[in-house]
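Participant: Provided below for reference: sequence and predicted model.
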Amino acid sequence: MLPSQMQSLRHVTTAHLAQTMTLLSLAVDELRQQIDSELSTNPALEMLEERRCPVCQRPLPAKGPCPVCSCPNEVDSNDPIVYISPREDFYSKGDMFEDDDFKDGPSTPDNEDLPTYVLKQIVGEFDKNSQKIGAFLLVNLNEDGFLKIELIEAARYFNVPLSQVERVHQAIMHADPPGVGARNPKEALLVQIEMLEETGIVPPFVKLVVEEGMDLLSRHQYSTLAKQLDASLKQIKLAATFIQDNLNPYPARAHWGEQSHHPSDRSNVFHQPDVIISVVNNGKENRLFVEVILPLCGTLQINPMFRQAIRGAEEDSRYDMKMDLEKASLFVKCLQQRNHTMLRLMQQVVTTQKEFILHGDKHLKPITRAHISKELEVHESTISRAVANKAVQLPNGRIIPLASFFDRSLNIRTVLKTIIENEPRPLSDTELSGLLVKEGFEVARRTVAKYRAMERILPAHLRTSVVRK
DNA sequence: CTATGGCACGGATT
DNA sequence: AATCCGTGCCATAG
């Protein structure tokens, strides 16, 4: 073997490592870009257009949904299903991933197609029929994101019971952006409040204000409002600022983030999850269904024609072609490795965090990347890369960074929140610390303060005592 | 005097 | 090696 060839080989193997690492740390949209560019520059690569059902492994029809495949394919065990999914747009409407680069700023739901965006989030939960209903509803949104038809109309149109339409409608409103598809600002706000209640503390009276006093609220007549609701002016003002800061009566006008948001907390809003977790309620047991999104609908492979062409090629062009071939197979391998790692990672994470995924923040187990890396027998940095910049969508529609699965204090914080919610008088940090220790969480008084800050909970003397009627 | 927020240090995590 | 996080000490506000 010639030294130059040796060198190129070695070069290739180190490149292999490097590329695997970079691929691993890419999020879906970045990965898609990468694949596209590789595909267009390297003639040795080709894509085999093919979609297989992830569960039953049968090829899918070119079009049409198969989120949870319709062939009942029972593999019963309690283990979560984890698989690599081909591309997430079950409803492909043309190719929305054209060359329209990121030049015109980050993609917001505004320049995406809102109906499609929302639809993608809910298809997993429903059968074909309900999906159609969802699509129908979403098409009939106005520019503010409100539903401009009555639910009954939809029910008549599809000839299904109203309750079914209502279920779909609920799912839509709970998708991102929260409250989309509501029939009026009030409904949107209520949905948002409901969703916030799951994760954070909503000050007293907020709900009541929205329910009873929308018009007064919009006219800033706080004192009247206070009288009417039998609350203090302070409480009403608190509620009002909360509404202004955290809620959005017009869900589709997505100028939601980036305002007075404190530096801590509040994950950036990810619009494209790398992993989607849903529950399959297969009769008896809730089984988790995890898909790692792959921005491809087919298999990447070496073009066999290209191999042949090499043999008949001229001597001088041969070298270049060989390099291309090397690069192509390298890329494919790296991609496989990435998928493999992601798969194992998710398998592990989902298994240990099942409770959290199903039942909320309180059940998050404080796990570290180091721990996972030991389980999987890979280097810590591998896990770090795999976790970084990724987003996962939970069954309830929330999209959170994958890193939150490794939050060391989220569980304590939520316990703290519930304590504060339930104790009738404002407790000082010291008292809270004591209570937490009783629950089995050893935290110093100072730390309680930090957690409070993270959750944007006001200090005791500014907290209004809980409503008592 | 008590309750909190700020700063900074040390150990864990990445 | 760089960063994050819990915690202690101290100053300040109520």
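Facilitator: Structure received. Residues are numbered from 1 along each chain as shown, chains lettered A, B, ... in the order given.
Participant: need the nearest residue in space to residue A:189, chain neighbours excluded.
Facilitator: Sequence neighbours aside, residue A:210 is the residue nearest to residue A:189 in space, at 4.7 Å (criterion: C-beta to C-beta, 6 or more residues apart in numbering). Placement of C-beta: from N, CA and C, glycine included.
Participant: list the contacts of that neighbour.
Facilitator: Residue A:210 is in contact with A:186, A:189-190, A:193, A:217, A:243, counting by C-beta atoms under 8 Å, 6 or more residues apart in numbering.
Participant: and if you look at residue A:153?
Facilitator: If a contact means C-beta under 8 Å, 6+ apart, then residue A:153 has no contacts.
Participant: try 10 Å
Facilitator: By C-beta atoms under 10 Å, 6 or more residues apart in numbering, the contact list for residue A:153 reads A:136-137, A:140, A:165.
Participant: now, those residues that are in helices?
Facilitator: Members of the contacts of residue A:153 lying in helices (criterion: DSSP state H): A:136-137, A:165.
Participant: and residue A:180, how far from residue A:140?
Facilitator: Per C-beta to C-beta, to the nearest Å, residue A:180 is found 12 Å from residue A:140.
Participant: and residue A:368, by the same measure?
Facilitator: From residue A:368 across to residue A:140, the span is 47 Å (C-beta to C-beta).
Participant: more crowded one of these two?
Facilitator: Neighbours per residue (other C-beta atoms under 10 Å) separate residue A:368 from residue A:140, with residue A:140 holding more: 16 against 12.
Participant: which residue, neighbours along the chain excluded, lies closest to the more buried one?
Facilitator: For residue A:140, the closest residue by C-beta to C-beta, 6+ apart turns out to be residue A:149, at 4.7 Å.
Participant: can you report phi and psi for that neighbour?
Facilitator: Backbone geometry at residue A:149, expressed as degrees, to the nearest 10, gives phi -130, psi 170.
Participant: for DNA strand B, what is the nearest residue in chain A?
Facilitator: Among the residues of chain A, residue A:460 lies closest to DNA strand B, at 2.8 Å counting by C-beta to the nearest atom of the strand.
Participant: apart from its neighbours in sequence, what residue is nearest that residue?
Facilitator: Closest to residue A:460 by C-beta to C-beta, 6+ apart is residue A:426, at 4.0 Å.
Participant: ok, residue A:136 next?
Facilitator: residue A:154 (5.8 Å).
Participant: now name the helix or strand holding that neighbour.
Facilitator: Here residue A:154, judged by DSSP states H and E, is contained in helix A:151-158.
Participant: mean confidence for that helix?
Facilitator: Regarding helix A:151-158, the rounded mean pLDDT is 83.
Participant: one more: stretch A:14-33?
Facilitator: On average, stretch A:14-33 scores 78.
Participant: so which bits of it are buried?
Facilitator: For stretch A:14-33, a neighbour-count test (16 or more other C-beta atoms under 10 Å) marks A:16, A:19-21, A:23-29, A:31-32 as buried.
Participant: how about stretch A:346-363?
Facilitator: A:346-350, A:352-354, A:356-357, A:360-361.
Participant: same question for stretch A:415-435.
Facilitator: A:415-417, A:419-420, A:426-427, A:429, A:431-433, A:435.
Participant: state the mean pLDDT of the helix or strand that contains residue A:227.
Facilitator: Using DSSP H and E, residue A:227 sits in helix A:222-229. On average, the pLDDT along helix A:222-229 is 78.
Participant: assumed residue A:458 was part of a strand.
Facilitator: No - according to DSSP: H, G, I helix; E, B strand; the rest coil, residue A:458 belongs to no strand; its state is coil.
Participant: show me the contacts for it.
Facilitator: Neighbour list for residue A:458: A:201, A:203, A:238, A:420, A:426, A:452, A:464 [criterion: C-beta under 10 Å, 6+ apart].
Participant: measure residue A:242 to residue A:228 for me?
Facilitator: The gap separating residue A:242 from residue A:228 is 18 Å, by C-beta to C-beta.
Participant: likewise for residue A:26?
Facilitator: Distance from residue A:26 to residue A:228, counting by C-beta to C-beta: 54 Å.
Participant: and if you look at residue A:168?
Facilitator: In terms of C-beta to C-beta, residue A:168 sits 35 Å off from residue A:228.
Participant: ok, now residue A:37?
Facilitator: Applying C-beta to C-beta, the value for residue A:37 to residue A:228 is 61 Å.
Participant: swap in residue A:334?
Facilitator: Residue A:334 is 64 Å from residue A:228, where distance means C-beta to C-beta.
Participant: show me which of the two is the more surrounded one.
Facilitator: Taking other C-beta under 10 Å, residue A:334 and residue A:228 do not tie; residue A:334 has more neighbours (20 against 15).
Participant: strand partners of the one helix or strand residue A:288 maps to, parallel vs antiparallel please.
Facilitator: Element membership for residue A:288 (DSSP H and E) is strand A:285-294. Strand pairing for strand A:285-294, using DSSP bridges, gives strand A:81-86 (parallel), strand A:275-282 (antiparallel).
Participant: residues touching residue A:452, list them.
Facilitator: So residue A:452 contacts A:413, A:416-417, A:420, A:429, A:432, A:458-460, A:463 (C-beta under 10 Å, 6+ apart).
Participant: for it, helix, strand, or coil?
Facilitator: From three-state DSSP, the assignment for residue A:452 is helix.
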